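Asker: quick one, what's the 3D model for this:
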Amino acid sequence: MFAYYLRSTAAVLIILAAIPGCVSLSAPAKLSAIKNNLQLASAGHTGCLPSENEIYNSNVELSGVGTWNATCKGRVYLCSAVSSGNQAFEYSCAPAQ
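Answerer: From the prediction side, this is the model:
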């Protein structure tokens, strides 16, 4: 479900950016949406609520694939999102060394 939401959000942002004269989200709004999605994707792996996950070092493309760090309750996780090419996304986080 989240993978579909993240992909849909990225698709909407790309479409809006491609339409000349279309009112699109400001840069801070886009960053906020991406951060919220990464917090949500990390939640199931960190055991923390999305709002408890601090996101940094994000290197995520508009397509939704990439890596980021999530910190929660003093623990640091390395997270990633990959696509199998058929629109499906897989998310994972592991304790960072």
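
Asker: alpha carbons only for contacts and neighbour counts from here, please
Answerer: Will do.

Asker: lowest average confidence, helix or strand, in the chain?
Answerer: In the chain, no helix or strand scores lower on mean pLDDT, DSSP states H and E than helix 2-18, which sits at a mean of 42.

Asker: tell me the strands beside the lengthiest strand in the chain, with direction?
Answerer: Longest strand of the chain, by residue count under DSSP state E: strand 75-83. Using DSSP bridges, the strands paired with strand 75-83 in its sheet are strand 66-72 (antiparallel), strand 89-95 (antiparallel).

Asker: return the most buried member of those.
Answerer: With neighbours taken as mean count of other CA atoms under 10 Å, the strands paired with strand 75-83 reach their highest mean count in strand 66-72, at a mean of 21.

Asker: re the thing from before, and the strands paired with strand 75-83 as JSON lines, adding distance to residue 82 and mean pLDDT?
Answerer: JSON lines is the format used below for the strands paired with strand 75-83 (distance: least, CA to CA, whole Å; pLDDT from 0 to 100):
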{"stretch": "strand 66-72", "distance to residue 82": "7", "mean pLDDT": "95"}
{"stretch": "strand 89-95", "distance to residue 82": "5", "mean pLDDT": "91"}
